[in-house]
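S.K.: What follows is a predicted structure for the sequence shown.
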Protein chains: 2
Amino acid sequence: MTLRPADIDFEQRLRADLPEDILRPMEPRYLHEPRGRWQGQSGLLACPRTVEDVAKLIRHADAAKVGVVPYGGGTGLVGGQVVPEGPAPLLLSLERMNQVRAVYPQENVITVEAGTILADVQAAAVEAERVFPLSLAAEGSATIGGNLATNAGGTGVLRYGNARELSLGLEAVLPDGQIWNGLTRLRKNNTGYDLRHLLIGSEGTLGVITAATLKLFARPKSQATAMLVVDSPQAALSLLSMARDHFGEMVSAFELIHRQGLVFLEEVLPDVRLPFVGLPEWCVLIELGLSGKGTAQDALETLFEVALEADLTSDGVIAQSDAQSQDLWRVREYIPEANRLIGSIASHDISVPLGALSDFIATADRRIAALGPFRINCFGHVGDGNLHYNIFPPAGESRDTYASMSTEIQGTVHQLADELGGAISAEHGIGRFKVADLERYGDPAKLAAMRAIKSALDPKGIMNPGAVLRD
Amino acid sequence: MTLRPADIDFEQRLRADLPEDILRPMEPRYLHEPRGRWQGQSGLLACPRTVEDVAKLIRHADAAKVGVVPYGGGTGLVGGQVVPEGPAPLLLSLERMNQVRAVYPQENVITVEAGTILADVQAAAVEAERVFPLSLAAEGSATIGGNLATNAGGTGVLRYGNARELSLGLEAVLPDGQIWNGLTRLRKNNTGYDLRHLLIGSEGTLGVITAATLKLFARPKSQATAMLVVDSPQAALSLLSMARDHFGEMVSAFELIHRQGLVFLEEVLPDVRLPFVGLPEWCVLIELGLSGKGTAQDALETLFEVALEADLTSDGVIAQSDAQSQDLWRVREYIPEANRLIGSIASHDISVPLGALSDFIATADRRIAALGPFRINCFGHVGDGNLHYNIFPPAGESRDTYASMSTEIQGTVHQLADELGGAISAEHGIGRFKVADLERYGDPAKLAAMRAIKSALDPKGIMNPGAVLRD
């Protein structure tokens, strides 16, 4: 099952069968990935306009045994979008398939093409007086197709679920070039195996998602944001529990932030306004969106008082305006960028059962300290049990000094997540970066089933070769 | 790939390798299904105690090429649990694997074995001061394993989702006898293909679910029920829209009932108290569960007033006590039993996009009327676009008189659902009853992918042979 390169011969066959401008000159931006771990090798770049174009491209690739890399916004953090070695692939960018095909406000449904930028999907929802609640740092360039292929998470998962839960139907091209027209707007559909959920999260290894029908939601009548100081991650979880006792599903975001993240912001992004003078060890960002009576701001003030009384918080800021609310969100949203500027030795995207979360942080801190005097920026979606636990060199030192330790550090963190019943990837996926970890920590029966499914649907192994599973 | 019967030879091999009491004498109850369409042929009955027992049984079946039918509560409505023809199968009843393995109230998670009765899962949740919101008429005998295998729906889907959405992890035995230990309690887990969602809804054709981790939810602080008269299904949808504008996700049930259902109750179940003297053409059952301030009863009273003013309802009953609330629910819950006692010619479980729901009912009514003077009982989960559109003989006549028309009637209803972008099975699944319909209305690319997956995971075709897909 050795693949062949996307050579001149292959290119000529594509040119003969497709509209002239579908093939484009390769550009360097397609060959980078945000963490700079790999440089993708150059190949052929195709920018199809229609699902039929995609089907033709895949059929040619299947016939010629050429690898195909579906490309969204290029913002993935695990290298799913670059092929650093092996025969040169066909890079299939969905960027021209970026239309909102239809909005059904009464049904709370939107149909969009895979290349639509996430922020544009959000904007189309707002125009229909609705919300599309998938929200993540890269939303200005990530595409909905990539979000679905990787089952993206973000800050809205607590209330609304991952990309997976926000989808109703898909249109996709399968590895043999057949078009699956599964663009249903149905809320319930028990007609056979759930191909939608199989493609979502398969990172382009089982087909190319070309369009999707997505769920929209009513806009909360009243929304408010606060940042509250907590003693510990455990106190954060207790505070979340209290917030949910009061407001149920209306708690729409609950993000944990460690002081290290605030220190990084001060250091490299001083324009980001911090709401505290003395930086707290831990704090949480809470967002509340109310549908019923009352204002969310009053509700957060009540929560703050009750939490203060229960010793779950000691200080806090409740935004008094939209501008203040945006300021608080900016603190959370710029932490990944600050991390990038500081330069991590190893970054992680783990999840553990909620009951093990405190234990994870305490134990990981201890084990990492035993390896060296590292700085740890631990932050993330604490209500989902999902932490970004990232390791940085000591202040004033370069990551390069410690580059050789990154594998050991990562092994330590992933090992602990596994010990505690957790996952080595909560929301970023496997890509090429975590293939070995998946083999190591994955359940053998599940891995065998995955391989059988991959072989059955993509017997030549053309779809995103080397991602998720290797030969 | 012809299967072999579960004969004496096979039985002896099982007896030699398994604890003595795993095999039990077959009983007639395992060979019936609730709608009386098929009589299952007798085979070997195994009642394993552990996942290891199940794995052994499957490995023997695999080696001997004997078909295996996983059996839950036997309440499925599409014949997924009975094999009417072909070689005698091994009937694998999970009834002894009925333990709640663990409850994690802080995490809102419960781990249960597949043979646990749904009502027992609900009760275990209540004991932990939580809710497990899957709720359906057969909950007193249906098992959670069967619910997951068929992706069961019911009245809680509107707020909480199908069985699929309520699961976090699975333990299962795959067709080759390997145990997949996927009993994670994680809210986020992007480590490879989603085997969980593939098994859920595959109706036992890709493996046997032996245990599951499930989501629990906070109990609403205040709950209330009302039955409101509406002019039409369209008015029902507008009323739902209004209710959601006011209360967002807190609308926890919204069921449409046609007068025919109330007439049937009067006729065959006169003990069920009806809340109206003159029976309305259409009414809806609404349940509201509030987490925030205020009582749900007050909220429903407000909704009633606003809806009255907007001409969306003309009359209604708001339960003033738990007993009254139960009375209202009983009306809805006994309609399927009344249908059974009257005896339908054809029953349907279709879904359509919400925007097509009114059109579906009007057109279906017209097309069915053109076939004969039938009584139509249309009811169901209108907010999910899921209707049970069931056809009965004229008053005083027997279903047998019209039995020969059932195929034509079903074809008419399924054809219309398909025309309107709907599904021929919303929540009951395919089983053996809708295999031909799936072939007819299913997307060819999806069907091909399903067959490839089935062959890859179950090359000998031993798992629930003839269900969902036929050779």
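M.R.: Okay, I see it.
S.K.: Give me the pLDDT value at the residue nearest to A:Glu301 when sequence neighbours are not counted.
M.R.: Take A:Glu301 and drop its neighbours on the chain: the residue closest to it by C-beta to C-beta, 6 or more residues apart in numbering or on different chains is A:Ile318, 6.0 Å away. C-betas here are computed from N, CA, C, even on glycine. pLDDT, A:Ile318: 96.
S.K.: Need the phi and psi values for A:Ile318.
M.R.: Dihedral pair for A:Ile318: phi -110, psi 120, per degrees, to the nearest 10.
S.K.: What of the one 10 residues further on?
M.R.: With angles defined as degrees, to the nearest 10, A:Leu328 sits at phi -60, psi -40.
S.K.: Point out where chain A drops to low pLDDT.
M.R.: Applying pLDDT under 70 to chain A flags the ranges A:1, A:292-293.
S.K.: what domains does the record give for it?
M.R.: Domain ranges of chain A: A:100-218, A:222-336, A:343-428, per automatic domain parsing.
S.K.: Give me whichever of those domains is most buried.
M.R.: The highest mean neighbour count among the domains of chain A, using mean count of other C-beta atoms under 10 Å in any protein chain shown, belongs to domain A:100-218: a mean of 23.
S.K.: just how off-centre is stretch A:410-419 within its chain?
M.R.: 20 Å (C-alpha atoms, centre = their mean, to the nearest Å).
S.K.: what's that stretch in contact with?
M.R.: A:346, A:348, A:350-352, A:360, A:363-364, A:367-368, A:371, A:389, A:391, A:422-424, A:437, A:441 (C-beta atoms under 8 Å, 6 or more residues apart in numbering or on different chains).
S.K.: Could you tell me which residues of the stretch 51-200 of chain A lie near chain B?
M.R.: A:104, A:106-107, A:109, A:150-151, A:153, A:157, A:161-162, A:164-165, A:174, A:176, A:178-182, A:184-195, A:197-198, A:200 (C-beta under 8 Å from any C-beta of the partner chain).
S.K.: which residues does the residue positioned nearest the centre of chain A contact?
M.R.: Computing the C-alpha centroid of chain A and ranking residues by C-alpha atoms, centre = their mean puts A:Ala152 first, at 3.5 Å. By C-beta under 8 Å, 6+ apart, the contact list for A:Ala152 reads A:Leu134, A:Leu136, A:Ala142, A:Gly146, A:Asn162, A:Ala163, A:Glu427.
S.K.: Touching, A:Pro336 and A:Leu136? I think so.
M.R.: No: the criterion here is C-beta atoms under 8 Å, and A:Pro336 misses it with A:Leu136 at 9.4 Å.
S.K.: Give the closest residue to A:Thr225 in space, chain neighbours not counted.
M.R.: A:Ser325 is the one closest to A:Thr225 (C-beta to C-beta, 6+ apart), at 4.1 Å.
S.K.: Distance check, that neighbour against A:Val317.
M.R.: Going from A:Ser325 to A:Val317 by C-beta to C-beta, to the nearest Å gives 10 Å.
S.K.: what about the residue nearest to the centre of chain A, which SS state?
M.R.: Taking DSSP: H, G, I helix; E, B strand; the rest coil as the rule, one finds A:Ala152 in the coil state.
S.K.: now do A:Phe264
M.R.: Following three-state DSSP, we place A:Phe264 in the helix state.
S.K.: ok, it - contacts?
M.R.: A:Phe264 is in contact with A:Ile335, A:Ala338, A:Asn339, A:Leu341, A:Ile342, A:Asn377, A:Phe392, counting by C-beta under 8 Å, 6+ apart.
S.K.: same question, A:Tyr402
M.R.: Listed by C-beta under 8 Å, 6+ apart, the contact partners of A:Tyr402 are A:Ile345, A:Gly372, A:Phe374, A:Pro393.
S.K.: hang on, isn't the third one packed against A:Ile391?
M.R.: Yes: A:Phe374 lies in contact with A:Ile391 (C-beta under 8 Å); the separation is 5.0 Å.
S.K.: Can you list phi and psi of A:Ile462 for me?
M.R.: The phi/psi pair for A:Ile462 (degrees, to the nearest 10) is phi -80, psi -20.
S.K.: How many neighbouring residues does it have?
M.R.: A:Ile462 has 24 neighbouring residues, counting by other C-beta atoms under 10 Å in any protein chain shown.
S.K.: I'd like the distance between it and chain B.
M.R.: Computed with C-beta to the nearest C-beta, to the nearest Å, the distance linking A:Ile462 and chain B is 15 Å.
S.K.: Would you check that that residue makes contact with A:His60?
M.R.: No: the criterion here is C-beta under 8 Å, and A:Ile462 misses it with A:His60 at 10.3 Å.
S.K.: Overlap in contacts, these two.
M.R.: Residues touching both A:Ile462 and A:His60 by C-beta under 8 Å, 6+ apart: A:Val66.
S.K.: sorry, back to before: check the contacts of stretch A:410-419 against chain B, which are close?
M.R.: Among those, chain B is touched by A:Ser351, A:Val352, A:Gly422, A:Ala423, A:Ile424, A:Tyr441 when using C-beta under 8 Å from any C-beta.
S.K.: Just the ones in strands from those residues, please.
M.R.: Counted as lying in strands by DSSP state E, out of those, are A:Ser351.
S.K.: and the one residue in the stretch 351-471 of chain A that gets nearest to chain B, which of the three is it?
M.R.: With C-beta to the nearest C-beta as the measure, A:Ala456 is the residue of the stretch 351-471 of chain A nearest to chain B, at 3.5 Å. At A:Ala456 the chain is in helix, as set by three-state DSSP.
S.K.: Skipping adjacent residues, who's closest to it in space?
M.R.: The shortest distance from A:Ala456 to any non-neighbouring residue, by C-beta to C-beta, 6+ apart, is to B:Ala456 (3.5 Å).
S.K.: from what I can see that neighbour touches A:Ile453, true?
M.R.: Yes: using C-beta under 8 Å, B:Ala456 is in contact with A:Ile453, at 5.9 Å.
S.K.: more neighbours, these two?
M.R.: Neighbour totals were compared for B:Ala456 and A:Ile453, and A:Ile453 leads with 23 against 18 (other C-beta under 10 Å).
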